[in-house]
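> sequence-free structure coming up:
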C-alpha cells in the first residue's frame, strides 16, 4: 500500500482548495474521493489474484494502454481497483462515478469528472510544467509526492 | 488552465490535456475512472486514442462481456480484463484476514470453504454479508457445521427482509426505513427520513445492527446530521425487489411528502422531487412544477451554489413532453427554460444580497454563455470584493476566472479590464488574468505601472508576452527607462539592447519606426542625447534602402516626435528623407504622397521653417 499515493491525493486536495476555495463543488468532490480512498486504504483487502496479475502485467509490459475492467454489480470492481492502484506507488488521477449520498450528485456527473481530472493535470495547479510548447510535463514532484 | 462550458468541451479539454502529458522515463501515471455505468449519462472516451508514453487509463464498468451497453459505446480498449467471482483460494484469503481473526480457523477447512463457495457462488457482496453472519455466530459461541444460506443473493436478501420484519425494535420503524431508502434517489437526511416516516428523529440516531449493516451512515460535514443510503446500489435494488409493495408504498409516501415542499422546504424534496415525478410518469405534475415560480425561487435560495438546478425541472419537463410528442408542451417548456435563464439575477445583485457563492456561480454560468460577459463579471466581482476589503474572495473570483476562462470571439472592453486590473494589481492572480485577457496596448499600460512600482519581473514577463513585436520593443524601452531611473543601469542596458534588436528586425517600415521611436524618446528623456541622435541616424540609414511607400509616412511621424522633443537636427534629417522618398511615390499612391507631404509640412512649421512647408504644399 503506497502512502506516497495517498499523500499525493491529499496534496491535490490542498491545491484544489487553494485555487477554487473550500466550498467549490470540485473541492467537495475531491474531498469525498480522498475520504473514500482512505476508507478503502484502511480496510483489509483480499487480493483478486487473476485480475490483478493481468492488470499489473499490462502496466509493466506496455508503454501505455487503455484498459477495461468489467464484471456485473457486486463483484468488487471498485474495491479491487482502489487497492490495486494504491499498491502501484505511481501518480494517480482517479474519479469514482458514484451515486452514493456523500457525493450529493457530484460524482455521477461526467462534466464534473472531466473538469476535475483536467484540473488535476493543470500546470497552474503546479502538477506539471509547460515545457516550451511541447506539452505538460509531469514533474517528479507530481509523481512522487513524498 | 481554462475550464470550458459544456460537457463535450470539457471532455475535449481532458483529451488535449492528457495528450500533452509528458511522463519522465521510467515513471507511470495511472488514470482511473471507476464505474462509468454509474454516470448520469453515457459518454464516449474523453482520452486520446494514442496515449502518451507512461500513461495508463483503467476504466471499470458493469458488463457481462457480451451485451451491448450504451456506456461502452465510443470506447476503444487495448485490453479487457474480467473480474470473475471469487474462487476458493480468494475465499480462504478473506477468511484469514476477516475481522479480528474470528474466521481464520475456518480457512483451513477445505470442505467448509467449498460449501461457502457453493452457497454464495463467490459473489463478493454476498460473501461479505455471509461472513458477517458467521463471525457474529462465532462471537456468540454458536457452533455451526453447515452453512445455512439460501441459494442466490436475491433469496438471501428476501430472507433478511423476513428477519427484519419479524424483529421488533421499540419505536424504530425498521422495514419502513429500509423500504424508503431502497427507493430514495439520493442523499436523505435523518430529519427528512423522520418526517416521511412520521417518527421522532431521535429514534433513527442509533440504528440496530440488523439494519445498520446494510447502510452507509455518514455525515457531510462536522456538525451535520446523519445521512443514509445503502452500502451498494445492488443492495438498494435487491431490497426494493424483496420488499415489493412495501417499497412501492414507500415511494408513494416519499412523493406525497415531497409534494409538500412548500411547507417543509426539505433539501431532498427540492433536489429530487422533479426526478421522482419524471420517473413515475407524473407528467402533468412535473409540467406544473416546472412553471412554478415559487419552486424555482426556493431552489435558488436553498441551493445558491447550483443555479443550474433552477433550470433542471424545465429540462425534465421538456424530456417528458418529447416522450409523448406533445409539441405545445415542448414549446412551453423551452420558453420556460429560456425565461428562467434570462431571469436569473446578475452576479452583483447576488453579491448585494450577501450571497457570495451564488454570485461566483452566476459569474461562472455567464462565462459559459458568453466569454466576454463572463470575464467582465468575474473582474467586476473581484473589484467589488477588493473594495470591500474581502481580499480572499477577490482572489477567488480571479482564480475562478482563470479556471473557467474562454477566449473571447471579439476584442472588447479592454479599457474596463485594464482599469479593474490596475486596481487589483497587488493580488497574485492579477498577473495571470492580465496575461490571459489583455491585449497588447493594455498589457503595456499595466506592465509600465508595475515597472514604476519596481515589480520588474511581472512587468517584463507581461511585456514579453505581447503579441506584436513592435509593441513589445516599445514597452521594453519604456521599462528600461524606468530601470535607469531606479539606478539599475546595467539591467536597463541589456533591455535597451533587446528592444533595439527587436525593433531593427522589423520588416515593415512603420513597425520599425514605431519601435525605435520609443527607444529614441527614452534616451532623449534620460538625457542621453548623443545616443538618441545615433539611433536616429541608424533608423534613417535602415529606411533609406526601403521602398518609399513603406517608409515615407512613418519617417514623417518620427520627424514630428523629434521636433516635439526639440531634436531639430534629427527631425530635419528625417524630413529631407521623407521628401526624397515622397517624390518617388507613383500616381498609384497619390493620396499617400500628398498626405505624407502635407504632414511633413506641418512638421516643418513646428520647426519654424515655413518656407520649406510651403514648398512642399506646392
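Nice, I can see it. Computed from a predicted model, the values in this text were never measured in an experiment.
> Would you mind listing where chain B has pLDDT under the threshold?
Applying pLDDT under 70 to chain B picks out residues B:1-6, B:143-146, B:170-171, B:220-224, B:305-306, B:409-412, B:618.
> Domains in it, by residue range?
B:7-72, B:88-149 (automatic domain parsing).
> Quick check on residue B:25: phi, psi?
phi -50, psi 130 (degrees, to the nearest 10).
> quick one on the thing from earlier: please work out which of the domains of chain B is packed deepest.
domain B:7-72 (a mean of 18; mean count of other C-beta atoms under 10 Å in any protein chain shown). Backbone N, C-alpha and C define where each C-beta goes, glycine included.
> I'd like to know how many residues surround residue B:335.
11 (other C-beta atoms under 10 Å in any protein chain shown).
> Ok, residue B:583 next?
11.
> what about the helices in chain A?
A:3-20, A:25-42, A:49-61, A:77-87, A:110-120, A:140-143 (DSSP state H).
> out of those helices, deepest packed?
Among the helices of chain A, highest average neighbours (mean count of other C-beta under 10 Å) belong to helix A:110-120, with a mean of 24.
> now for that one, which elements pack on it?
Other helices and strands packing on helix A:110-120, by 3 or more C-beta pairs under 8 Å, 6 or more residues apart in numbering or on different chains; DSSP states H and E, are helix A:3-20, helix A:25-42, strand A:91-96, helix B:7-19.
> Name the nearest residue to residue B:469, sequence neighbours excluded.
In this structure, residue B:469 finds its nearest non-sequential neighbour in residue B:502, 5.1 Å apart by C-beta to C-beta, 6 or more residues apart in numbering or on different chains.
> for chain A, which spans come out with low pLDDT?
A:1-9, A:19-25, A:39-43, A:99-106, A:122-146.
> Would you mind putting the domains of chain B into TSV with distance to residue B:293 alongside?
Listed next are these as TSV, based on distance: least, C-beta to C-beta, whole Å:
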stretch	distance to residue B:293
domain B:7-72	27
domain B:88-149	45
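> List the residues that contact residue 54.
Since no chain was named, I'll use chain A. B:79, B:81 (C-beta atoms under 8 Å, 6 or more residues apart in numbering or on different chains).
> if you could check chain B rather than the one you did, that'd help
A:63-64, B:23-25, B:27-29.
> repeat that with 10 Å
A:59, A:63-64, A:90-91, A:138, A:143, B:21-30 (C-beta atoms under 10 Å, 6 or more residues apart in numbering or on different chains).
> try residue B:378
Taking C-beta under 10 Å, 6+ apart as the test, what residue B:378 contacts is B:347, B:360, B:363-364, B:366-367, B:396-402, B:404-405, B:420, B:433, B:437.
> Name the SS class of it, please.
At residue B:378 the chain is in helix, as set by DSSP: H, G, I helix; E, B strand; the rest coil.
> circling back to that earlier point, and the residue nearest to residue B:469, how many neighbours?
Residue B:502, neighbours per other C-beta under 10 Å, totals 23.
> dump the residue contacts of it.
So residue B:502 contacts B:464, B:469-474, B:476-477, B:511-512, B:515-516, B:519 (C-beta under 10 Å, 6+ apart).
> among those, which ones are buried?
Buried members of the contacts of residue B:502, counted by 16 or more other C-beta atoms under 10 Å in any protein chain shown: B:469-474, B:476-477, B:511-512, B:515-516, B:519.
> could you dump the residues you listed to JSON lines with distance to residue B:380 and secondary structure?
Listed next are these as JSON lines, based on distance: C-beta to C-beta, whole Å; DSSP: H, G, I helix; E, B strand; the rest coil:
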{"residue": "B:469", "distance to residue B:380": "33", "secondary structure": "helix"}
{"residue": "B:470", "distance to residue B:380": "32", "secondary structure": "helix"}
{"residue": "B:471", "distance to residue B:380": "27", "secondary structure": "helix"}
{"residue": "B:472", "distance to residue B:380": "29", "secondary structure": "helix"}
{"residue": "B:473", "distance to residue B:380": "33", "secondary structure": "helix"}
{"residue": "B:474", "distance to residue B:380": "30", "secondary structure": "helix"}
{"residue": "B:476", "distance to residue B:380": "31", "secondary structure": "helix"}
{"residue": "B:477", "distance to residue B:380": "33", "secondary structure": "helix"}
{"residue": "B:511", "distance to residue B:380": "35", "secondary structure": "helix"}
{"residue": "B:512", "distance to residue B:380": "40", "secondary structure": "helix"}
{"residue": "B:515", "distance to residue B:380": "35", "secondary structure": "helix"}
{"residue": "B:516", "distance to residue B:380": "39", "secondary structure": "helix"}
{"residue": "B:519", "distance to residue B:380": "37", "secondary structure": "helix"}
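> Now flag whichever of the residues you listed is closest to residue B:312.
Nearest to residue B:312 among those: residue B:471, at 47.2 Å, using C-beta to C-beta.
> is it true that residue B:374 lies in a helix?
Yes: residue state for residue B:374 (three-state DSSP) corresponds to a helix.
> right, and it touches residue B:360 too?
No: counting by C-beta atoms under 10 Å, residue B:360 is not a contact partner of residue B:374; they are 11.6 Å apart.
> partners of the longest strand along chain B, with directions?
For chain B, the longest strand by residue count, based on DSSP state E, is strand B:55-62. In the sheet, strand B:55-62 lines up against strand A:65-71 (parallel), strand B:29-34 (parallel) (DSSP bridges).
> which residues touch residue B:390?
B:351, B:356, B:382, B:384, B:396-397.
> re the thing from before, kindly present the helices and strands packed on helix A:110-120 as a markdown table, with separate columns for distance to residue B:100.
Below are these laid out as a markdown table (distance: least, C-beta to C-beta, whole Å):
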| stretch | distance to residue B:100 |
| --- | --- |
| helix A:3-20 | 24 |
| helix A:25-42 | 15 |
| strand A:91-96 | 29 |
| helix B:7-19 | 44 |
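> closest one to residue B:51 among these?
Taking the helices and strands packed on helix A:110-120 one by one with C-beta to C-beta, helix B:7-19 is closest: 7.0 Å.
> coming back round to it: just tell me which of the helices of chain A ends up closest to residue B:99.
helix A:25-42 (14.1 Å).
> can you state the direction angle for the closest one and strand B:29-34?
90 degrees (axes from the mean of the first three to the mean of the last three C-alpha atoms, to 10 degrees).
> tell me the angle of helix A:25-42 relative to helix A:110-120?
80 degrees.
> who does helix A:25-42 touch, helix- and strand-wise?
On a contact count with 3 or more C-beta pairs under 10 Å, 6 or more residues apart in numbering or on different chains; DSSP states H and E, helix A:25-42 meets helix A:3-20, helix A:77-87, strand A:91-96, helix A:110-120, strand B:29-34.
> at 8 Å what do you get?
Going by 3+ C-beta pairs under 8 Å, 6+ apart, helix A:25-42 lies up against helix A:3-20, helix A:77-87, strand A:91-96, helix A:110-120.
> how much does it deviate in direction from helix A:77-87?
Using the same axes, to 10 degrees: helix A:25-42 against helix A:77-87 is 80 degrees.
> Residue B:7: what's it in contact with?
Contacts of residue B:7 by C-beta under 8 Å, 6+ apart are A:110-111, A:114, B:43.
> Which residues does stretch B:407-425 contact?
So stretch B:407-425 is contacted by B:2, B:371-372, B:375-376, B:379-380, B:382-383, B:386, B:394, B:398, B:430, B:433-434, B:437-439, B:441-442, B:445-446, B:449-450 (C-beta under 8 Å, 6+ apart).
> Among the residues you listed, the buried ones, what's the ChimeraX command?
Restricted to buried positions by 16+ other C-beta under 10 Å, the ChimeraX selection for the contacts of stretch B:407-425 reads:
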select /B:2,371,372,375,376,379,380,382,383,386,394,398,430,433,434,437,438,439,442,445,446,449,450
